[in-house]
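Colleague: Structure of the sequence below:
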Amino acid sequence: MNQRPLNRETVATTTHPVKILQFGEGNFLRAFVDWMIDIANEKGVTDSDIAIVTPRFRITPALETLQKQDGLYHVYLEGVKDGKPGKESRLVTSIADAFSPSADMERYESYITSPDLRFVISNTTEAGIRYEPEDMSGDNQATFPGKVTKMLHKRFTRFNGADDKGLIFLCCELIEDNGSTLRDFVLRHAAEGGLGNDFIDWVKNSCIFCDTLVDRIVSGFPHDTIDELKEELGYDDNLIVKGELYHIWAIGGDGYLKVQRELPLDKAGLNVEFMPSIKKFRDKKVRILNGSHTGMVPIALQLGCETVMDAFDNRDVNEFINTMVEREVLPMIDEECETLERFSAGILERF
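Modeller: The predicted structure follows:
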């Protein structure tokens, strides 16, 4: 094997201002958001690099590998597109920095008070956005909402409450109303921590907390085929992350039009949709995806199918699911038919 080390000495890269602070170094964000930002930078619709911090401010093995590889890694995607199997790989270069604030608090504060910073992206798991009483006087907040409150208060103080120095939060945690829930907890911490009405008003009026829905299956590091993939890619990449070709990111809530103008990922050909509220979108996705799975199970099991692939390889099951969605599910969703059919076809194709 003749593989090159993967770092910014072996790969020529372009740098951008760090406008995004990301809480989370895991597989999903790297195969989803960071991959998107890299594509959007390449196509010239964004000009933003990412600084990653670990949500619990601890040093992790993934963080150490990111540092060793200067933030570089490959995303390897497989799936079905336009009815045909396909695969593609991409070297992601959008991560400019990755560190633990516990090891370098000064570096962390330089980012959270940077004039360039505009977006905060997070995936702190479903348990990350929770409320616990916190002491706001120090820098040792245990919860993610507590850390965000402290971060915003430092930024508010640094810029004397300037309206244009608020931040946009794009939460990717898999809970309903993820962004608005984080906002409520931040405001609660601010009130109970005595951070002042001016700060509370600044959070309400100058910061945007989007509710989002994310969808891409990310299987993670390909342990079983890593040697073959390294050989194919030509790099000794120990952060390869595998996922499916399909992706969609729904971003909604107050201020969504402003977010779309400032982060126009849709203009890069990515499947990103901006909307006033994601509730209807979530309901639509759940009805089609979960409804299909539920309807499939009793029929497929009786026909001896053990996996979803087995079921969709069975002509009768395949026809039943497609007909059920067309006749029973889609007519109950209030949306333009052509758009709905296209959305449904994309979901069913994933099976």
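
Colleague: Only the buried residues of the helix or strand that Met36 is a member of, if you could.
Modeller: Secondary-structure element containing Met36, defined by DSSP states H and E: helix 33-42. Of the residues in helix 33-42, Val33, Asp34, Trp35, Met36, Ile37, Asp38, Ile39, Ala40, Asn41 count as buried by neighbour count, 16 or more other Cβ atoms under 10 Å. Using the backbone N, CA and C atoms, a C-beta is placed for each residue, glycine as well.

Colleague: same check, this time on stretch 316-336
Modeller: Counting neighbours by 16+ other Cβ under 10 Å, one finds that the buried residues in stretch 316-336 are Val317, Asn318, Phe320, Ile321, Asn322, Met324, Val325, Val329, Leu330.

Colleague: Among those, which one sits closest to Pro5?
Modeller: Lowest distance from Pro5 to the buried residues of stretch 316-336 (Cβ to Cβ) belongs to Asn318, with 46.2 Å.

Colleague: Can you check my assumption that the closest one lies in a helix?
Modeller: Yes - counting by DSSP: H, G, I helix; E, B strand; the rest coil, Asn318 is located in a helix.

Colleague: Isn't it up against Phe312?
Modeller: Yes - judged on Cβ atoms under 8 Å, Asn318 makes contact with Phe312 at a distance of 5.1 Å.

Colleague: Between the buried residues of helix 33-42, which sits nearest Ala98?
Modeller: The shortest approach to Ala98 among those belongs to Asp34, at 10.6 Å (Cβ to Cβ).

Colleague: Now do the same contact list for that closest one.
Modeller: Taking Cβ atoms under 8 Å, 6 or more residues apart in numbering, we find Asp34 in contact with Gln22, Ile50, Val92, Ser94, Ile95.

Colleague: switch to 7 Å and redo it
Modeller: Listed by Cβ atoms under 7 Å, 6 or more residues apart in numbering, the contact set of Asp34 reads Ile50, Val92, Ser94, Ile95.

Colleague: likewise Ile20?
Modeller: Ile20 makes contact with Ile37, Ser48, Ile50, Phe119, Ile121, according to Cβ under 7 Å, 6+ apart.

Colleague: for Ile347, same thing?
Modeller: The neighbourhood of Ile347, defined by Cβ under 7 Å, 6+ apart, consists of Ile288, Leu289.

Colleague: mind listing what's buried in the host helix or strand of it?
Modeller: When elements are defined using DSSP H and E, Ile347 is found to belong to helix 337-350. Taking 16+ other Cβ under 10 Å as the basis for neighbour counts, the residues of helix 337-350 that come out buried are Leu340, Phe343, Ser344, Ile347, Leu348, Arg350.

Colleague: what residues are up against the fifth one?
Modeller: In this case it means Leu348. The contact partners of Leu348, by Cβ under 7 Å, 6+ apart, come to Ser292, Asn322, Val325.

Colleague: so the first one sits right up against Val325, yeah?
Modeller: Yes - taking Cβ atoms under 7 Å as the contact criterion, Ser292 and Val325 are neighbours in contact, 6.0 Å apart.

Colleague: Now Ser48. Its backbone dihedrals?
Modeller: phi -140, psi 120 (degrees, to the nearest 10).

Colleague: Tell me where the stretch 51-200 of the chain has helices.
Modeller: With DSSP state H, counting those that start in this stretch as the criterion, the stretch 51-200 of the chain has helices at 61-68, 105-112, 144-158, 178-192, 197-206.
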